[in-house]
Each structure stands twice: as structure tokens, then as C-alpha cells.
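> Predicted model follows, preceded by the sequence.
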Amino acid sequence: MCNAQHPADAPLNNGRRNFLRLTGVGAGAIMLAGALPASLVHAAPAPKVANDLNPQQALKRLMEGNQRYVDGVTKRHDFTHEREALVGGQNPFVAVLSCADSRIAPEYAFDTGRGDLFAVRVAGNFVTEDGLASLEYAVAVLGTPLIMVLGHDRCGAVAAGVKAVKDSARFPGKIQGLADALKPSVTKVLKAPGDTLDNAIAQNVQDTVARLKAESSLLSDALAKGTLQIVGGVYRLHSGEVELIG
């Protein structure tokens with residue numbers, strides 16, 4: 001993630017090739033239509049029938065879960081029976097690319113149970129090669145109909161990006177690479193009215209959504225077919241509310 005050629009600047013084709021190699025599928029087996037070999041897609045029945053949703057239904061369910069979380073009326077989840085049902089497979093209805101911040105717990109924030117939410121987390125919630133491969137796996141193999149890119153206010157990773165741009169700050173170890181990855185989003189909002197950090201957090205979410213749509217043929221094929229929707233949101237620490245952003 002934090003190599004000199006960091007994910008914000010590098011093409012992500014290598015991540016797709018690595019994914020195909022790890023799953024034993026040659027790149028030539030993936031057709032432009034986005035079809036996958038039957039050997040890669042599990043044939044077992046969906047363990048959670050309620051998760052068989054179209055993208056619009058998935059987003060509605062996700063935001064209803066967040067509203068329950070905000071209101072403090074979350075469901076009681078039967079983890080014992082969920083564990084049993086999920087032994088043979090999974091069919092999550094949403095994949096969330098979120099920050100690694102300990103205050104952000106997507107499973108709680110959207111009131112989901114086991115097998116509902118496919119989580120990819122990295123400080124700053126931006127696209128890495130491995131993160132993209134994970135999201136491609138969720139969509140192409142597990143049939144996940146929705147991806148949510150989830151930022152949050154007071155994000156320390158984005159704040160590091162702001163300091164790197166405004167103050168030419170340098171950070172120890174691999175943290176510098178993380179800050180560098182967030183510089184492009186920060187630069188776009190330097191002259192925008194309002195708080196620079198808040199603006200950069202929202203811009204980073206928007207840029208990440210755009211990259212997912214543009215840099216993965218697997219995801220773009222699913223978008224074109226109407227079997228996938230990619231949205232962005234910002235989690236508010238004081239309330240727990242997730243605000244959708246364009």
C-alpha cells in the first residue's frame with residue numbers, strides 16, 4: 001500500500017491479475033461481459049435468502065439499518081444459527097470499503113449480522129490493489145449488489161494528507177505513503193470554501209467511488225448490467241449517522 005508507487009497513482013491491473021492467479025483462473029477466462037468460470041462461483045444455495053437483493057433494495061436495507069443504529073433500536077442477532085448457516089458459503093448484500101479507525105465499525109453502524117457485510121478496511125478508505133481485488137471478489141464471485149465507500153469526520157489519515165499538502169509534513173515509516181495516497185483529494189479542495197479537512201474527507205470518498213467505477217472491468221461490467229451500485233457516505237462520529245454523498 002505504501003510503496004513509492006502508491007495505489008492512488010498506480011494502475012490497478014496487477015491487483016486483478018493477482019486475484020485471478022490466486023483463484024487459479026487465467027485472465028483469458030474472464031470475458032468482456034464479465035462472465036466467470038463455473039468452477040470459481042460456488043454452486044451452493046445462498047445461505048441467507050434475505051440477502052438476495054437488487055442494488056436499490058440493498059441500499060434501502062443498508063440505510064434502514066443505519067437509522068436503527070442512530071435511534072438505538074438495533075436488532076438482536078442470532079449469531080449461533082448464523083454461524084451454522086454460513087459454514088458452506090456466504091452471500092453478503094453489501095461490501096463496505098471503510099477506514100480502519102477503531103471508532104468506525106460498519107457491521108454495527110448498519111446493524112448487520114454475520115454474512116451480511118463484506119468489509120474491506122484501510123486507513124483513509126481509499127483504493128489499494130488488494131482492496132480492489134477483494135471488492136471484485138465480492139461482486140464477481142459472491143454476487144454482492146452494492147458497494148459503499150465509507151469515510152468519516154475527523155479522519156486522522158486524511159488529516160495527515162492535509163498536513164502533507166499544506167505544511168509539507170513528513171511522517172515516519174510507511175505512514176508517509178498513506179498520506180501521499182490522499183494528497184490528490186486534498187489538493188482538489190484547497191481553495192474550496194469551508195473546512196479543508198471536511199472537504200477533503202468528502203472529496204476522498206467521491207474520488208474513491210469514481211476510481212472503483214473506472215478502474216475495474218469487473219465492476220464496470222456489473223454496473224452496466226444493473227447488478228451493482230457503488231455509493232459513497234460519510235459517518236458522523238457524534239450521531240452515528242451515515243450521510244450519502246454524490
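Perfect, I can see it now. Residues are numbered from 1 along each chain as shown.

> Quick check: the spatially most central residue of the chain vs Gly177, distance?
When C-alpha atoms, centre = their mean is applied to the chain, the residue found nearest the centroid is Leu97 (1.9 Å). Separation of Leu97 from Gly177 (C-beta to C-beta, to the nearest Å): 18 Å. The way it works is simple: take the backbone N, C-alpha and C, and place the C-beta from them, glycine included.

> about what we covered before: just checking, the residue nearest to the centre of the chain is part of a strand?
Yes: secondary structure of Leu97 (DSSP: H, G, I helix; E, B strand; the rest coil): part of a strand.

> Could you pull up the contacting residues of it?
120-122, 125, 127, 131, 135, 147-150, 208, 212 (C-beta atoms under 8 Å, 6 or more residues apart in numbering).

> give me every residue that touches the residue lying farthest from the centre of the chain.
Distance to the chain centre peaks in the chain at Asp167, reaching 29.4 Å (criterion: C-alpha atoms, centre = their mean). Residues near Asp167 by C-beta under 8 Å, 6+ apart: none.

> pLDDT wise, what is it at?
For Asp167, the model assigns a pLDDT of 97.

> how much space between it and Gly161?
Distance from Asp167 to Gly161, by C-beta to C-beta: 11 Å.

> next one: Thr187
Using C-beta to C-beta, one gets 9 Å for the distance from Thr187 to Gly161.

> So for those two, which residue has more residues nearby?
A side-by-side neighbour count of Thr187 and Gly161, using other C-beta atoms under 10 Å, places Gly161 first with 29 against 15.

> what packs against the helix or strand containing that one?
Assessed by DSSP states H and E, Gly161 sits inside helix 156-166. Helix 156-166 is packed against helix 175-188, helix 196-214, with contacts defined by 3 or more C-beta pairs under 8 Å, 6 or more residues apart in numbering; DSSP states H and E.
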